[in-house]
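Engineer: here you go, sequence then predicted model.
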Amino acid sequence: MTWEVSKLLKAEHGKLELKKFPDSEYYVKVGTRVKGREVAIIASTRTSDDLMQLFLTLDAVRGAGARMVHTVVPYLPYMRQDKVFTDGEALSARLILKILDEASDDITVVNAHFLDDAGRNTFHGVTIRNLDATPLLAEYFRDKAGKPFVIAPDAGSLQYAKRAAHYLDCDFNHLQKKRVSGEDVIIRDKTIPAAGKDIIILDDIISTGGTIVNACRVIRSWKPASISVGCVHGLFICKGIESFNTVVDRLVCTNTLETPISKVSVAGLVSRDLKSQ
Ligand code: R5P
């Protein structure tokens, strides 16, 4: 996606040297002259290691004298721990954002898990620009669903279903989900009039896939014409993408993380955001 954004902005695509030492520490060196220049770091961060590489890259770019550093992290990990749910827990989202804030001039993310509103948001004193990929996913499904009906797998994702339904001019609803463990969820009984409809399930993240697989099983029992699933960030950590084939007719995600089904690009969204800075 970085190449696509560079092309859209007609910007130089910089070079980085990245090495891993035997003790697993990283070494990062900027390979392009950045002194006095405006630089955007677009990072694909799936893991804690990726975040560490990003922190070092930001430090290297700043240290090499960049005039302005924009940080774009389309999928920002650790955003699900945005509260201290029980005493003694780390507030992960706050720490990660504070480090990024310290190391760059501004931060752009795509559909940060804990943010409902697109645009400028503030979280514990850190300003974040939150881009919304829901309209892009809705557009992807426009000519693929004759009788669309959008369903969110839980109340938290209702905002995505609502916005997509608005774009597609159709009805929407949400299921009720109870998380039992990191990998297991229960979709509670609730009946939605889905028979004969082309169901589009929208969520921000597919991680283990437990949410989507269980949601599809419940929805399938209502005899829909088809079930399509769209998500912004496809992590697919436990179940491989193929394992969805038995429950879903169509599965797509954006390229905030590159996957074989990243058919919806957020490059236009990101480049417009950078252009507006
Ligand atoms: C949860 O609040 C999110 O919106 C997703 O539903 C969740 O992260 C999906 O996780 P998994 O694929 O592991 O069920």
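Structural biologist: Perfect, I can see it now. Numbering: from 1, shown residues only.
Engineer: measure the nearest residue to Asp132 once chain neighbours are set aside to Ser92 for me?
Structural biologist: In this structure, Asp132 finds its nearest non-sequential neighbour in Ala118, 3.9 Å apart by Cβ to Cβ, 6 or more residues apart in numbering. From N, CA and C alone the C-beta is placed, and that goes for glycine too. Look at Ala118 and Ser92: by Cβ to Cβ, to the nearest Å, they are 23 Å apart.
Engineer: and the longest helix seen in the chain, what does it pack against?
Structural biologist: Longest helix of the chain, by residue count under DSSP state H: helix 48-63. For helix 48-63, the elements it packs on are strand 16-20, strand 26-30, strand 38-42, strand 68-73, helix 92-103, judged by 3 or more Cβ pairs under 8 Å, 6 or more residues apart in numbering; DSSP states H and E.
Engineer: angle of that helix against strand 68-73?
Structural biologist: Computed by axes from the mean of the first three to the mean of the last three Cα atoms, to 10 degrees, the angle separating helix 48-63 from strand 68-73 equals 170 degrees.
Engineer: list the contacts of helix 48-63.
Structural biologist: 16, 18, 26-30, 34, 39, 41, 43-45, 69, 71, 73, 77-78, 96, 99-100, 103-104 (Cβ atoms under 8 Å, 6 or more residues apart in numbering).
Engineer: just the CA trace of it, in CSV.
Structural biologist: Taking Å, rounded to 0.1, in the frame of the first residue of the first chain, the C-alpha atoms of helix 48-63 are listed here in CSV:
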residue,chain,number,x,y,z
SER,A,48,4.5,-6.1,18.7
ASP,A,49,7.7,-6.5,16.7
ASP,A,50,6.3,-4.4,13.9
LEU,A,51,5.5,-1.7,16.4
MET,A,52,9.1,-1.7,17.7
GLN,A,53,10.3,-1.4,14.1
LEU,A,54,8.0,1.6,13.6
PHE,A,55,9.3,3.3,16.8
LEU,A,56,12.9,2.9,15.7
THR,A,57,12.0,4.1,12.2
LEU,A,58,10.4,7.3,13.6
ASP,A,59,13.4,7.9,15.7
ALA,A,60,15.8,7.4,12.8
VAL,A,61,13.8,9.8,10.5
ARG,A,62,13.6,12.4,13.2
GLY,A,63,17.3,12.0,14.1
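Engineer: interface residues of the stretch 101-250 of the chain facing the ligand?
Structural biologist: Counting by Cβ under 6 Å from any ligand atom, the residues of the stretch 101-250 of the chain close to the ligand are 153-154, 156-157, 185, 203-211.
Engineer: against which helices or strands is the lowest-mean-pLDDT helix or strand in the chain packed?
Structural biologist: Least confident helix or strand, the chain: strand 185-188 with a mean of 86, by mean pLDDT, DSSP states H and E. Secondary-structure packing of strand 185-188 (3+ Cβ pairs under 8 Å, 6+ apart): strand 176-179, helix 210-220.
Engineer: most packed of the ones you listed?
Structural biologist: Greatest average neighbour count among the helices and strands packed on strand 185-188 goes to helix 210-220 (a mean of 21), per mean count of other Cβ atoms under 10 Å.
Engineer: what does it contact?
Structural biologist: Contacts for helix 210-220 (Cβ under 8 Å, 6+ apart): 151, 153-154, 175, 177, 183-187, 189, 192, 194, 199, 201, 203, 206, 227, 229, 231, 238-239, 243-244, 247-248.
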